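*Asks:* pasting the sequence and the predicted coordinates here, then a few questions.
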Amino acid sequence: MNAVETWRVERYDVLPAELLAPLRALYARSFEPLRTLAAARHVLTETEFAEEMADEAISKYVALSDDGEPVGLTTFTLDLSTVTWVSADFYAHRWPEQAATGRLYYLGYTLADPAYQRRGVFDAMLTVVTDRAIDDDAVIAWDMCSFNVDSARLADGIAALLSGRSTDPEVVDTQRYYAADFTKGPR
């Protein structure tokens, strides 16, 4: 590849069949570590992934290398009811005008092939998504586990990418998971 890599980003309402297997494999490689690094379930089953890739309400942005190899994926929706783990009512209450006019979006996930990380794939996909939000005068919401915020520093990277393009991202809610270990301690 050239010293400065560029990525073609294509949007699909329904993912073409020939991209399903390579993107499922890419998704698995990218998200597998979160099985043990995040309390919430972040890894879709093969069936759930295939259903999401066929759901027309969820836009799929695929980053492709010069040779047409998929190297990244972003999911994005205008219908927050497709995001089963969030409360659409919460977001509609906070941004009623945008919700009423179809300008409240949810970013499901963005991933880059681990072999292509830090090579602009993530930025290329998010730039396309944020350009759409700017054109539509919209609000984009998303969630991120503590590992991706604190260890992978993805929130900082997104904030840097959005700098000058939107308001600074803000935390709108936090979910904490607790455990009490009764196998140890006083009896």
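*Replies:* The structure has been received and is ready for your questions. The structure presented is a predicted model; accordingly, all values stated were derived computationally and were not measured.
*Asks:* how many residues are close by the closest residue to Y105 other than its chain neighbours?
*Replies:* Setting aside the residues directly before and after it, Y105 is nearest to I140 in space (Cβ to Cβ, 6 or more residues apart in numbering), at 4.8 Å. Where C-beta positions appear, they are placed from N, C-alpha and C, glycine not excepted. Neighbours of I140 under the rule other Cβ atoms under 10 Å: 20.
*Asks:* what of the one 4 residues further on?
*Replies:* M144 is flanked by 18 other residues according to other Cβ under 10 Å.
*Asks:* from A152, how far off is it?
*Replies:* Taking Cβ to Cβ, to the nearest Å as the measure, M144 falls 9 Å from A152.
*Asks:* so the residue nearest to Y105 touches T130, yeah?
*Replies:* Yes - with contact defined as Cβ atoms under 8 Å, I140 counts as touching T130 (7.2 Å).
*Asks:* re the thing from before, what strands flank the one helix or strand the residue nearest to Y105 maps to, and is each parallel or antiparallel?
*Replies:* Using DSSP states H and E, I140 sits in strand 139-142. With DSSP bridges as the test, strand 139-142 is paired with strand 104-112 (parallel).
*Asks:* which strands and helices sit next to the lowest-mean-pLDDT helix or strand in the chain?
*Replies:* One helix or strand of the chain scores below all others by mean pLDDT, DSSP states H and E: helix 154-162, with a mean of 81. Contacts defined by 3 or more Cβ pairs under 8 Å, 6 or more residues apart in numbering; DSSP states H and E place helix 154-162 against helix 121-136.
*Asks:* where are the low-confidence patches of the chain?
*Replies:* Applying pLDDT under 70 to the chain flags residues 1-4, 187.
*Asks:* how about the helices in it?
*Replies:* According to DSSP state H, the chain carries its helices in the segments 17-31, 34-37, 46-54, 88-94, 96-100, 121-136, 146, 154-162.
*Asks:* between those, which one is nearest to T183?
*Replies:* helix 34-37 (19.4 Å; Cβ to Cβ).
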